[in-house]
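Q: Provided below for reference: sequence and predicted model.
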Amino acid sequence: MKRITDYTWEEYNALPVADKAECLARPDGMPFHTIFAQQFDRARLDRLCDAATKIRSIAKSRAGMEFLQRLLFHKRAMIYFTQPSSRTFLSFLSACQILGLRTGEVRDASVSSEFKGESREDSIRTFSSYFDLIVMRTQEKGLAERMAWSLSQSSRPVPILNAGSGKDQHPTQALLDVYTLQRSFERRGGIDGRTVVYVGDLARGRTVRSLSNLLTNWPGVRHVFVAPPPLRIGDDILAMLRDRGQEAIVSDDMARWLPEADAVYMTRIQDEWDESKGESARIDTSRFKIGLREMAAMKPGAILMHPLPRRDEIAPEVDADPRAMYWRQVRNGMWIRTALIASTFDCLSRIDHYFRDNL
């Protein structure tokens, strides 16, 4: 098994994704650094989802919460978010608190030494001297992966969890999305063979890229990408899905696909990535919104998801529909991220034993 320390950065960066995933893993196959969705096969996803469900059950009692908070009370985590965030930040912060980790945070580079000209790489190397885990969210594509390689070369390797990197990947959002799908369909045949309809800004939405990758672990999933032509899904995602034997359909007709969807995954317009002022506002998105009429067109057992924040793509009155899953996604995110952190520090077997002996 090749390790990340066996490669120079240039050699590692040139590897296929499957080889990179192996390099980023511990000997048991679970990730040490979590950088991209392709690190998770079906067995690893099932392991994490099972752990998340056990953790949320354990946390319902005082004794259970005390057990969880003793697991990692001797560890410290830096939450380094230089891209705006509330849900992902608070989700990771809560996950750390559940496991007893003490935390530090930087949420604005202007209050760090980067303001004085220090590189982000040097800032993160500094954090690794103080903390045992770095959770990072950045607009800079590839920074999390580059720092995972860099910190692995140190005499004290510190794991990196990618909480969003450029327009490319958001692996932990994909984990919570898969966990939500699993819990929604676990008594109705599971995820196999489902039709997932992704709607909105698919060209720049990193959550869709990561989720579609993860869903290739379930056979027969049909992916339907619905967006205005300027915001259509990238050809690389279509090629990836077809290479893995899954059906990928591109459309600009949301009404056509709503009745066939088992899950609708709405996204907002990602205008923070506009290259010119008002670029996104010039795109007609009026046909890509969900209200009560659109919900009526969906199957009774279908679910509606959204990574949030939303704008006007889902009407507030839809929130009362039991098929609206986005608030459950938020809570599921806290539990799956707790499971991921526990896995990063190799605590899942202790959680299994506690669950078996006490619940």
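A: Thanks, I have it.

Q: Residue ranges in the protein under the pLDDT threshold?
A: In the predicted model, the chain carries pLDDT under 70 at residues 1, 108-118, 166-168, 270-280.

Q: now the strands for the stretch 1-150 of the chain?
A: Using DSSP state E, counting those that start in this stretch, the strands of the stretch 1-150 of the chain run over 76-81, 102-106, 133-138.

Q: tell me the most buried of these?
A: Of these, the one with the most neighbours on average (mean count of other CB atoms under 10 Å) is strand 133-138, at a mean of 25. No exception for glycine: its C-beta is placed from N, CA and C like everyone else's.

Q: Redo the strands of the stretch 1-150 of the chain as a markdown table? Include distance to Met295.
A: Below are these laid out as a markdown table (distance: least, CB to CB, whole Å):
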| stretch | distance to Met295 |
| --- | --- |
| strand 76-81 | 34 |
| strand 102-106 | 38 |
| strand 133-138 | 32 |
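
Q: Please identify which of those strands is closest to Arg337.
A: Comparing those by their distance to Arg337 (CB to CB), the top pick is strand 133-138, with 8.8 Å.

Q: mind checking which of the strands of the stretch 1-150 of the chain is nearest Phe185?
A: Closest of the strands of the stretch 1-150 of the chain to Phe185 is strand 133-138, at 29.2 Å (criterion: CB to CB).

Q: So what's the gap between the closest one and the chain middle?
A: Computed by CA atoms, centre = their mean, to the nearest Å, the chain-centroid distance of strand 133-138 equals 13 Å.

Q: what pairs with it, and is each one parallel or antiparallel?
A: strand 76-81 (parallel), strand 160-165 (parallel) (DSSP bridges).

Q: distance between the ends of stretch 33-42?
A: 18 Å (CA to CA, to the nearest Å).

Q: max-length helix in this structure?
A: Secondary structure of the chain per DSSP state H: the longest helix is helix 326-344.

Q: ok and that one relative to strand 133-138, angle-wise?
A: Here the directions of helix 326-344 and strand 133-138 differ by 140 degrees (axes from the mean of the first three to the mean of the last three CA atoms, to 10 degrees).

Q: before we move on, the earlier item: would you turn the strands paired with strand 133-138 into TSV with distance to Arg232?
A: Listed next are the strands paired with strand 133-138 as TSV, based on distance: least, CB to CB, whole Å:
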stretch	distance to Arg232
strand 76-81	29
strand 160-165	22
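
Q: burial of Ile290, as a residue count?
A: By the measure other CB atoms under 10 Å, the count of residues near Ile290 is 23.

Q: Cheers, nothing more for now.
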